[in-house]
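Chemist: below is the structure, and that's it, no one-letter string:
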């Protein structure tokens, strides 16, 4: 057996090296931009970008038979519905064309702001280390980080789509929890820099206490974030249990009479209603509800109609069961009975 037999796979796939080589050349050109060799860096940057784009076709179909990438792709499609949104954006089809494009823009801006929130504390830390004496600039950077920590979760709530909210529960919850986590750590960075600025302004000697204070704030941030995610899993577990009880009450009413059935259904709905209106990421009023208020109100009307047996109660019962099962399936992905 010749050596060409063993080297055939490498020869057939060597174009895949274009992508990493292009990325390296692109980064090299970017690093030269602020040097005397600026135009050389521009040429390298463009060439690296073109080389990477040239090699992307060689990676098409790579890993199609791998189970983990396939599961990840399915999760992204189900959670964020990005392909459908991008198709509507590119082709401009459907009667909700403007809405789809506006939502796409908002989600891109949300992602860019998330990257900014993640990178800003690292950039400020480099500035503090390089120029520790510029207290006014450091104070402004700390105020910026604290403002981002407060406003970013509110911005996340603002970008949420107003259509098909029930089908977008998973993506909505992930965005709320991710934004709150990022907000916590941005607030930690802002608090640390603000402490440094205040201590240095009062007395340079007091800056020696900053490491201990920073570590304390960091530990408190990690603990608070861990408790937030535990709260989220506990809420999902409780909502799943209460929804299961309500579904059973709707599907199999007891034989003690209509009044007893109505009382059982409404009592079960009261527990579910409290769960759905509870803030998932924090217990305060500025948190994000587990389920949007409009969706909860619609389900509540259907359950009350089904429980009281008024006109159209069968259709209302079926509608309520469908919606409740969607919420229950969403909660089932985050069960934690020991949280």
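Modeler: Received the coordinates, thanks. What you see is a predicted model, and the numbers here were worked out from it, not measured in a lab.

Chemist: what are the ranges of the strands in the stretch 201-339 of the chain?
Modeler: Here the stretch 201-339 of the chain has no strands by DSSP state E, counting those that start in this stretch.

Chemist: quick one: the helices in it?
Modeler: Taking DSSP state H, counting those that start in this stretch to define them, one finds helices in the stretch 201-339 of the chain at 210-251, 258-277, 293-308, 313-332.

Chemist: TSV please, covering these and showing distance to residue 50, mean neighbour count and mean pLDDT.
Modeler: (Each C-beta comes from the backbone N, C-alpha and C, glycine too.) Below are these laid out as TSV (distance: least, C-beta to C-beta, whole Å; neighbours: other C-beta atoms under 10 Å; pLDDT from 0 to 100):
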stretch	distance to residue 50	mean neighbour count	mean pLDDT
helix 210-251	42	16	89
helix 258-277	51	17	87
helix 293-308	48	19	89
helix 313-332	43	18	91
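
Chemist: adding distance to residue 58, write those helices out as TSV.
Modeler: Shown next, in TSV, are these (distance: least, C-beta to C-beta, whole Å):
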stretch	distance to residue 58
helix 210-251	40
helix 258-277	48
helix 293-308	45
helix 313-332	39
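
Chemist: how about these, which one is nearest residue 183?
Modeler: Residue 183 lies closest, by C-beta to C-beta, to one member of these: helix 210-251, at 9.7 Å.

Chemist: and the nearest residue to residue 237 once chain neighbours are set aside, how far from residue 288?
Modeler: Of all residues not flanking residue 237 in the chain, residue 335 sits nearest, at 5.1 Å (C-beta to C-beta, 6 or more residues apart in numbering). Using C-beta to C-beta, to the nearest Å, residue 335 is found at 20 Å from residue 288.

Chemist: okay, and for the protein, where does confidence drop off?
Modeler: 1-14, 59-100, 206-207, 254-257, 339 (pLDDT under 70).

Chemist: which stretches of the stretch 51-200 of the chain form helices?
Modeler: Using DSSP H, counting those that start in this stretch, helices in the stretch 51-200 of the chain cover 67-80, 82-91, 97-130, 135-159, 169-202.

Chemist: looking at those, which is buried most?
Modeler: helix 169-202 (a mean of 20; mean count of other C-beta atoms under 10 Å).

Chemist: my guess is the residue nearest to residue 237 meets residue 240, correct?
Modeler: Yes - with contacts counted by C-beta atoms under 8 Å, residue 335 reaches residue 240, the gap being 6.2 Å.

Chemist: overlap of the contact sets of these two?
Modeler: Residues touching both residue 335 and residue 240 (C-beta atoms under 8 Å, 6 or more residues apart in numbering): there are none.

Chemist: can you give me the domain boundaries for the chain?
Modeler: Following automatic domain parsing, the chain resolves into domains at 1-62, 67-204, 235-332.

Chemist: list the residues that contact the closest residue to residue 33 other than its chain neighbours.
Modeler: Distances taken as C-beta to C-beta, 6+ apart place residue 41 nearest to residue 33, at 4.5 Å, with adjacent residues excluded. Residues near residue 41 by C-beta under 8 Å, 6+ apart: 28, 29, 30, 31, 32, 33, 35.

Chemist: looking at the residues you listed, which is nearest residue 271?
Modeler: The closest of the contacts of residue 41, once distances to residue 271 are taken by C-beta to C-beta, is residue 30, at 56.2 Å.

Chemist: now name the helix or strand holding the closest one.
Modeler: In the assignment (DSSP states H and E), residue 30 maps to helix 18-31.

Chemist: now that helix: buried residues?
Modeler: By neighbour count on 16 or more other C-beta atoms under 10 Å, the buried set for helix 18-31 is 18, 19, 22, 25, 26, 29.

Chemist: a markdown table please, covering these and showing distance to residue 251.
Modeler: A markdown table is the format used below for those (distance: C-beta to C-beta, whole Å):
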| residue | distance to residue 251 |
| --- | --- |
| 18 | 58 |
| 19 | 54 |
| 22 | 58 |
| 25 | 63 |
| 26 | 59 |
| 29 | 64 |
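
Chemist: out of the residues you listed, which comes closest to residue 53?
Modeler: residue 22 (7.5 Å).

Chemist: can you pull the contacts of the closest one?
Modeler: Contacts of residue 22 by C-beta under 8 Å, 6+ apart are 47, 48, 49, 50, 51, 52, 53, 54, 55.

Chemist: tell me which helix or strand the fourth one sits in.
Modeler: Taking DSSP H and E as the criterion, the element that holds residue 50 is helix 38-55.

Chemist: what's the angle from that helix to helix 18-31?
Modeler: 160 degrees (axes from the mean of the first three to the mean of the last three C-alpha atoms, to 10 degrees).

Chemist: so how far is helix 38-55 from its chain's centroid?
Modeler: Between the centre of helix 38-55 and the centre of its chain there are 33 Å (C-alpha atoms, centre = their mean, to the nearest Å).

Chemist: residues making contact with stretch 228-236?
Modeler: 173, 177, 180-181, 184, 275, 278, 280-283, 290, 330-331, 333-336, 339.

Chemist: rewinding a little: which of residue 335 and residue 288 has more residues huddled nearby?
Modeler: residue 288 (22 against 13; other C-beta atoms under 10 Å).

Chemist: what sits against the nearest residue to the more buried one once chain neighbours are set aside?
Modeler: Closest residue to residue 288 apart from its sequence neighbours, by C-beta to C-beta, 6+ apart: residue 176 at 3.9 Å. Residues near residue 176 by C-beta under 8 Å, 6+ apart: 153, 156, 157, 280, 281, 287, 288.
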